[in-house]
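>>> Just need the structure, nothing else, for what follows:
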Amino acid sequence: MRDDNRIISFDWAVKRILRDKANFGVLEGLMTVLIGESMTIVEILESESNQDTADDKFNRVDIKAKNAKGDIIIVEVQLTRELYYLERILYGVSKAITEHIKLGSRYDQVKKVYSINILYFDLGRGKDYLYHGTTNFIGVHTGDTLEVNTREDDIVRMRTPASIFPEYYLIRVNQFNDVAKTPIEEWMDYLKNEHIREDTTVPGLQEAREKLAYLRMTPEDRAIYDRHVENMMYQNEALGTARTEGWDEGRKEGIKEGRKEGIKEGRKEGKDEANRENASRMKADGMPAELIAKYTGLTVEDINSL
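I've put the predicted structure just below:
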């Protein structure tokens, strides 16, 4: 039996509901809690389906926004394991920097980037659910932190590289098992368990509780959301099976390279098959081909041929 008081999952909301300017307060709250300063979204710059080429990774960026200072904030939701995820983060940040500086502009126009990555899978080893990465240059012999000259408002100031280089937040949702007491823990409770306290005062969560309630959805959106939840469960199960079969196949080869190729091929075939199965079910339910392509990664031509 479903709990009709539940809140819509964040991965769904961030792709559909939270892009509406009226709902920016939810995302602003998450960024404020993480970064430690008030954040105001000026605009949404890119959606997940707005890719320059077919080589751009599907779902590379869910939300890209600017705050009042012009800094760039990237919020990405990742549901399934990816072998080269750190490289993917670097790619996304690098593209954000280069896309938003005009050709011929001075380097002082480069904006600081905050990369917030919400991961619903296990990324390596580590006991914490939240990791924060910055860049500093440390003296090899002295151990001191380098400060550099920079000009702000026609005044030369000293800044550390950490104030210029990107900052990274890795939120490992599945690793959170604590009681929600602090603001970030309340956010983790929502991200993992889709639960928000009735008396919450944490930035963004009261808005989420009011605007992301399951019963506030239209019957049509509720049906699509239910199918999304079921499809994600099916896809995760298929991917898990594919990884297991790939590992077994590689082990039978008796060599390390064979094992790696087995895992890689097993994951790819399992993911492709899961996407085709999901697309067929969505098509049978009358979902438009463009929307199916958004959530499966298939082309509209592939979907029409099913």
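
>>> from here on, contacts and neighbour counts on C-alpha atoms
Noted.

>>> Check the secondary structure at residue 150 for me.
Assigned with DSSP: H, G, I helix; E, B strand; the rest coil, residue 150 falls in the strand class.

>>> ok, now residue 29?
Here residue 29 is helix, with the state taken from three-state DSSP.

>>> Tell me if I'm right that it and residue 203 touch.
Yes - using Cα atoms under 8 Å, residue 29 is in contact with residue 203, at 4.2 Å.

>>> Could you give the number of residues near residue 132?
As a burial measure, residue 132 scores 13 neighbours (other Cα atoms under 10 Å).

>>> nearest spatial neighbour of it, skipping sequence neighbours?
Among residues not flanking residue 132 along the chain, residue 169 sits closest, at 4.7 Å (Cα to Cα, 6 or more residues apart in numbering).

>>> On the strand side of things, show who the one you found bridges to.
Beta bridges link residue 169 to residue 116, residue 132, judged by DSSP bridges.

>>> For this protein, which element, helix or strand, carries the lowest mean pLDDT?
helix 219-253 (a mean of 62; mean pLDDT, DSSP states H and E).

>>> on that earlier part again, show me the contacts for the residue nearest to residue 132.
By Cα atoms under 8 Å, 6 or more residues apart in numbering, residue 169 lies in contact with 114-117, 130-133.

>>> pLDDT at it, what is it?
At residue 169, the predicted lDDT confidence score is 95.

>>> any idea how far residue 137 is from it?
Distance of residue 169 to residue 137, computed by Cα to Cα, to the nearest Å: 19 Å.

>>> Next: residue 34.
23 Å.

>>> and what of residue 120?
In terms of Cα to Cα, residue 120 sits 32 Å off from residue 137.

>>> Please say which of the two ends up with more neighbours.
Shown here are residue 120 and residue 137; by other Cα under 10 Å, residue 120 has more neighbours (19 against 13).

>>> doesn't residue 176 make contact with the more buried one?
No - the criterion here is Cα under 8 Å, and residue 120 misses it with residue 176 at 10.7 Å.

>>> any chance you could map the helices in this structure?
Secondary structure of the chain (DSSP state H): helices at 10-16, 24-35, 85-99, 183-193, 205-211, 219-253, 256-284, 289-296, 300-304.

>>> For the contacts of residue 169, pick the one with the most neighbours.
residue 115 (25 neighbours).

>>> show me what contacts that one?
Counting by Cα under 8 Å, 6+ apart, residue 115 has contacts 73-76, 89, 93, 166-169.

>>> quick one: which of those is nearest residue 222?
Lowest distance from residue 222 to the contacts of residue 115 (Cα to Cα) belongs to residue 76, with 23.3 Å.

>>> How many residues are close by the closest one?
Neighbours of residue 76 using other Cα under 10 Å come to 23.

>>> Same list (the contacts of residue 115) but as CSV, adding distance to residue 184.
Converted to CSV, those look like this (distance: Cα to Cα, whole Å):
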residue, distance to residue 184
73, 18
74, 18
75, 16
76, 17
89, 22
93, 23
166, 21
167, 17
168, 16
169, 12
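
>>> Could you find the lowest-pLDDT member of those residues?
Confidence-wise, residue 76 trails the rest of the contacts of residue 115, at 76.

>>> My understanding was that that one contacts residue 114; is that so?
No - if you go by Cα under 8 Å, residue 76 and residue 114 don't touch, sitting 11.0 Å apart.

>>> and the nearest residue to residue 146 once chain neighbours are set aside, what does it touch?
Among residues not flanking residue 146 along the chain, residue 137 sits closest, at 5.6 Å (Cα to Cα, 6+ apart). Counting by Cα under 8 Å, 6+ apart, residue 137 makes contact with 145-146, 161.

>>> and what of residue 114?
71-74, 166-169.

>>> What of residue 23?
Counted by Cα under 8 Å, 6+ apart, residue 23 has contacts 17, 207, 211.

>>> likewise residue 113?
Counted by Cα under 8 Å, 6+ apart, residue 113 has contacts 71-74, 93, 96-97, 165-167.

>>> Apply 7 Å and report the result again.
When the contact criterion is Cα atoms under 7 Å, 6 or more residues apart in numbering, the partners of residue 113 are 71-73, 93, 166-167.

>>> Residue 128 too?
Contacts of residue 128 (Cα under 7 Å, 6+ apart): residue 175.

>>> quick one: residue 209 from residue 118, how far?
For residue 209, the distance to residue 118 - Cα to Cα - is 19 Å.
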